[in-house]
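A.B. asks: What follows is a predicted protein model with its sequence.
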Amino acid sequence: SNFDNAIHRPHFWADVKNSLIIVSVVVALSLLLAFLAALALAKFRFYGRAGFIIVIFAVQMIPLNALIIPLYITLSSVHQVDKLAGVIVTYMTFVLPFCIWTLRGFIGGVPKELEEAAMVDGSTRLGAFFRIMLPLVGPGLVATSIFAFIQAWNEYIMAYVLLHDPSKQTLTVWLASFTGDRGTAWGPLMAGATLTALPVV
């Protein structure tokens with residue numbers, strides 16, 4: 001009965017859809033951009049490379065709570081508050097640096113001699129990338145995407161601040177609706193929390 005109560009609570013399916021849209025776009029964009037950035041950091045030497053790595057570290061060290069007000073003001077100025085696009089951009093501010101740093105380690109672990117050997121055997125640089133580099137980095141892409149998914153799926157504070165319309169909220173914000181003026185409906189709340197945790201598991 002608690003699961004039935006949770007599933008038929010207002011906005012449940014709309015919030016499931018919102019969460020899936022946000023997380024899918026964040027993970028896809030983060031992996032694409034992070035892979036290209038990590039490839040550049042691991043394989044090429046360029047001016048400002050060390051500074052870029054320091055910036056990635058610095059962004060990861062800033063607590064997310066400290067970014068709430070500046071991000072809200074910035075998104076409000078471009079009319080992206082209470083919109084999924086605004087939340088997607090916000091989530092990428094903390095998911096993307098993590099993905100870049102993680103993928104850099106995986107890509108750096110692939111010896112360049114393997115690509116050079118493929119090119120000696122007649123492969124083009126692009127062919128060596130797709131036949132050698134990509135399969136070897138595949139497990140790293142999967143691991144990074146899982147961690148990025150978990151980070152984006154479980155995020156609460158930014159979604160709570162940026163999304164006011166109940167039909168546009170995420171599942172983690174939807175869980176807060178079980179607490180009202182008359183107390184907390186613990187049974188349905190635990191059922192809803194279990195359903196919310198299933199995709200992560």
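C.D. replies: Looks like it arrived, so ask away. Numbering: from 1, shown residues only.
A.B. asks: Tell me where the protein is predicted with low confidence.
C.D. replies: Judged by pLDDT under 70, the chain has no weakly predicted residues.
A.B. asks: the strands in it, which residues?
C.D. replies: When secondary structure is read from DSSP state E, the chain shows strands at 179-180, 183-184.
A.B. asks: Now mean neighbour count and distance to residue 79 too, for these, in TSV please.
C.D. replies: Just so you know, the C-beta spots here come from the backbone N, C-alpha and C atoms, and that holds for glycine as well. Rendered in TSV, the data for those read as follows (neighbours: other C-beta atoms under 10 Å; distance: least, C-beta to C-beta, whole Å):
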stretch	mean neighbour count	distance to residue 79
strand 179-180	10	30
strand 183-184	9	35
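A.B. asks: Same list, those strands, but as CSV with distance to residue 195 please.
C.D. replies: As requested, these are arranged in CSV below (distance: least, C-beta to C-beta, whole Å):
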stretch, distance to residue 195
strand 179-180, 17
strand 183-184, 17
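A.B. asks: In contact with the residue nearest to residue 103 when sequence neighbours are not counted, which residues?
C.D. replies: Here the nearest residue to residue 103 in space, its sequence neighbours aside, is residue 38; by C-beta to C-beta, 6 or more residues apart in numbering that works out to 3.7 Å. In this structure, residue 38 makes contact with 99-104, 106-107, judged by C-beta atoms under 8 Å, 6 or more residues apart in numbering.
A.B. asks: quick one, helices of the protein?
C.D. replies: Taking DSSP state H as the test, the helices found in the chain are 2-7, 12-43, 49-61, 68-77, 84-108, 112-120, 125-128, 134-154, 157-162, 171-174, 186-197.
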